[in-house]
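**Q** coordinates only, no sequence provided:
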């Protein structure tokens, strides 16, 4: 093993461990892959997703983009599955070194596509992500609003409902 690729191996191991924890629906192992700052909120969100869906996350590809001291960035492609629907997602993950181990600190989704080419409704396409355990909107749920009222995701609103257009 080359000395200069130790960080790359450790970063990729962290990401692979997170994907395997999701596939096993092992909440504690999944949360352990994230930095302390995001764990409390992520634990609550992921726990709800794990008990309401059959969840899967398969890491398809990954490439280290850079690492410096205690931070790293990695590009990943993974397949996220919630119940019977799946998406291929390309993201960049920001990792930090905490207590000598790499932990995921942030995710920025670059692209996503429903497997089979079918997108979910007009919800903005949120899906289960590495760092977004609570973004489980497969199809807009029955939220009591008429179907012809558009929904806009974001802003911290439950299922995008506060962004009614």
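**A** Nice, thanks for sending it over. Because the structure is predicted, anything quoted here is derived from the model rather than measured.
**Q** where do the strands of the protein begin and end?
**A** 55-68, 71-82, 85-98, 101-114 (DSSP state E).
**Q** can you say which of those strands is nearest to residue 27?
**A** Closest of the strands of the chain to residue 27 is strand 55-68, at 10.4 Å (criterion: CB to CB). From N, CA and C alone the C-beta is placed, and that goes for glycine too.
**Q** between the lowest-mean-pLDDT helix or strand in the chain and strand 101-114, how big is the angle?
**A** In the chain, the helix or strand scored least confidently by mean pLDDT, DSSP states H and E is helix 39-52, which has a mean of 90. Between helix 39-52 and strand 101-114, the angle comes out at 50 degrees (axes from the mean of the first three to the mean of the last three CA atoms, to 10 degrees).
**Q** for helix 39-52, buried residues please.
**A** 42-43, 45-46, 49-50 (16 or more other CB atoms under 10 Å).
**Q** which of those residues sits closest to residue 87?
**A** Using CB to CB, the buried residues of helix 39-52 come closest to residue 87 at residue 49, 14.1 Å.
**Q** hang on, isn't that closest one packed against residue 55?
**A** Yes: counting by CB atoms under 8 Å, residue 55 is a contact partner of residue 49 at 6.1 Å.
**Q** quick one: list the elements packing against the longest helix seen in the chain.
**A** Ordering each helix of the chain by length in residues (DSSP state H) puts helix 6-23 first. Under the contact criterion of 3 or more CB pairs under 8 Å, 6 or more residues apart in numbering; DSSP states H and E, helix 6-23 touches helix 27-31, strand 55-68, strand 71-82, strand 85-98, strand 101-114.
**Q** dump the residue contacts of residue 57.
**A** Residue 57 makes contact with 18-19, 22-23, 78-81, 128, 130, according to CB atoms under 8 Å, 6 or more residues apart in numbering.
**Q** picking up where we left off before, how about the helices and strands packed on helix 6-23, which one is nearest residue 38?
**A** Residue 38 lies closest to strand 101-114 among these, at 6.7 Å (CB to CB).
**Q** ok and that closest one relative to strand 85-98, angle-wise?
**A** 160 degrees.
**Q** now do strand 101-114 against strand 55-68, angle only.
**A** In terms of direction (the same axes, to 10 degrees), strand 101-114 departs from strand 55-68 by 120 degrees.
**Q** helices and strands around strand 101-114, which ones?
**A** The elements that strand 101-114 packs onto, with contact taken as 3+ CB pairs under 8 Å, 6+ apart, are helix 6-23, strand 85-98.
**Q** how many neighbours does the closest residue to residue 50 other than its chain neighbours have?
**A** Excluding the flanking residues, the one nearest residue 50 by CB to CB, 6 or more residues apart in numbering is residue 25, at 5.0 Å. By the measure other CB atoms under 10 Å, the count of residues near residue 25 is 16.
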